[in-house]
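A.B. asks: Here you go, sequence then predicted model.
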Amino acid sequence: MIVKPIEYPYRVLQLESLLSRIKVNHPTISLINQDYQWKLAGYRGEKAVDFPLSFLPDDDYFILHDLRLWDGKHFFQIDVLILHAKYALILEVKNIVGELYFDTDLHQMIRIKGKEKEAFPDPILQVNRLKRQLKGWLAVNQFSDIPIYPLVVFSNTKSILRLSPTQITIFKNTVIHKEYLPELIPKLTDSYKTTFLQPDERKKLIKLLKRKHTPLDTEILHKYQVDKKDIITGVKCAYFNQFLMQKHMQHWYCPKCEHKENHVLIPNLKDYYFLFGEKITNSQLRTFLQIDSIYTASRLLAKLNLKVTGSGKKTVHHLSLNLFKSELGGN
């Protein structure tokens with residue numbers, strides 16, 4: 001049973017807004033795009049494991065996606081955590097295409113794709129570190145006896161795993177393709193003989209994990225050294241693909257292609273929210289959407305029925321994620 005479903009990552013939403021509005025000549029744009037592709041691939045990889053996991057009995061296995069917890073010194077993120085009465089299972093999910101070689105002596109993974117060779121961190125090392133961190137977290141929260149099994153899962157069917165005979169002997173039940181999950185997990189369950197989590201304790205632990213989960217929320221412009229002046233303002237015309245639309249009466253109008261549109265406020269405010277945060281003033285709205293009239297901006301904000309703090313020129317309107325639910329990806 002999925003008790004914490006996978007969600008479209010907040011960081012991906014931030015990167016999408018950033019890529020849609022950053023000036024094309026910005027020096028970090030290639031890094032931003034690379035990070036976006038990587039994080040989007042990670043999300044798709046995690047989503048792909050839900051199907052093989054659906055073959056597990058709902059009453060026995062409780063699945064939590066994307067847990068980010070604090071161990072007292074560092075945050076650590078678990079792609080998928082599966083709780084059973086006998087043990088906890090960590091899935092470190094990798095969505096990587098190519099031939100993958102594991103160097104367990106130097107602790108790296110080598111991907112060969114065509115003529116290109118690329119090094120990645122050792123996922124076995126990663127998942128074992130997560131095991132230690134989760135073990136410490138459970139101990140602090142009075143769940144110290146639960147055994148933890150770490151598993152590296154490759155979600156892409158085009159991943160070719162290259163392990164030596166010795167590595168296969170050692171890691172055959174540690175590094176797998178996602179298709180093997182419905183076969184391996186029951187075998188692991190049978191190998192554990194003692195029950196550590198009674199139903200009430202399991203319910204308590206799930207509630208605690210969800211409450212302690214801390215989503216990543218960073219100032220995206222600061223992370224990629226993007227100045228506000230490098231962000232394109234205005235309202236984009238869907239047909240001309242330029243930020244040229246102007247507010248005219250009850251609609252928005254593109255002077256280049258003469259396209260008219262009524263519903264552009266929410267999609268464009270979404271970009272503001274993920275780039276600058278939830279607070280917006282009348283002046284900031286006018287600057288971001290290139291609106292001249294303070295009264296037009298006031299009417300637009302009033303229609304949104306937002307939480308408001310302050311008064312007069314210090315009035316601040318508070319955007320919320322729920323406002324943009326229909327605009328978010330991954331649904």
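C.D. replies: Great, that's in hand.
A.B. asks: burial of residue 243, as a residue count?
C.D. replies: 17 (other Cβ atoms under 10 Å). Backbone N, C-alpha and C define where each C-beta goes, glycine included.
A.B. asks: per-residue confidence at it?
C.D. replies: Turning to residue 243, the model gives it a pLDDT of 85.
A.B. asks: Could you look up the SS state of residue 156?
C.D. replies: coil (DSSP: H, G, I helix; E, B strand; the rest coil).
A.B. asks: Which stretches in the stretch 101-250 of the chain count as helices?
C.D. replies: Along the stretch 101-250 of the chain, counting by DSSP state H, counting those that start in this stretch, helices occupy 123-140, 165-171, 181-191, 199-212, 220-223.
A.B. asks: Show me the least confident stretch of those helices, going by mean pLDDT.
C.D. replies: Taking the mean pLDDT of the helices of the stretch 101-250 of the chain, helix 165-171 comes last: a mean of 90.
A.B. asks: May I see the buried residues of that helix?
C.D. replies: Along helix 165-171, these residues count as buried under the neighbour rule (16 or more other Cβ atoms under 10 Å): 167, 171.
A.B. asks: tell me the contacts of the nearest residue in space to residue 12 that is not next to it in sequence?
C.D. replies: The shortest distance from residue 12 to any non-neighbouring residue, by Cβ to Cβ, 6 or more residues apart in numbering, is to residue 39 (5.2 Å). For residue 39, the contact set (Cβ atoms under 8 Å, 6 or more residues apart in numbering) comprises 9, 11, 12, 15.
A.B. asks: The helix or strand residue 39 falls within: what's the following helix or strand?
C.D. replies: Assigned by DSSP states H and E, residue 39 belongs to helix 29-48. Downstream of helix 29-48, the next assigned helix or strand under DSSP H and E is helix 50-53.
A.B. asks: okay, how far is it across stretch 43-53, tip to tip?
C.D. replies: 16 Å (Cα to Cα, to the nearest Å).
A.B. asks: got any ranges where the stretch 201-331 of the chain has weak pLDDT?
C.D. replies: 329-331 (pLDDT under 70).
A.B. asks: for it, what spans make up the strands?
C.D. replies: 246-248, 251-253, 260-261, 279-280, 307-309, 316-318 (DSSP state E, counting those that start in this stretch).
A.B. asks: Now render those strands as JSON lines, adding distance to residue 226 and mean neighbour count.
C.D. replies: Output for the strands of the stretch 201-331 of the chain, formatted as JSON lines (distance: least, Cβ to Cβ, whole Å; neighbours: other Cβ atoms under 10 Å):
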{"stretch": "strand 246-248", "distance to residue 226": "26", "mean neighbour count": "15"}
{"stretch": "strand 251-253", "distance to residue 226": "26", "mean neighbour count": "17"}
{"stretch": "strand 260-261", "distance to residue 226": "27", "mean neighbour count": "15"}
{"stretch": "strand 279-280", "distance to residue 226": "19", "mean neighbour count": "17"}
{"stretch": "strand 307-309", "distance to residue 226": "27", "mean neighbour count": "11"}
{"stretch": "strand 316-318", "distance to residue 226": "23", "mean neighbour count": "16"}
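A.B. asks: Including distance to residue 166, could these go into a markdown table?
C.D. replies: Listed next are the strands of the stretch 201-331 of the chain as a markdown table, based on distance: least, Cβ to Cβ, whole Å:
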| stretch | distance to residue 166 |
| --- | --- |
| strand 246-248 | 68 |
| strand 251-253 | 65 |
| strand 260-261 | 63 |
| strand 279-280 | 57 |
| strand 307-309 | 61 |
| strand 316-318 | 58 |
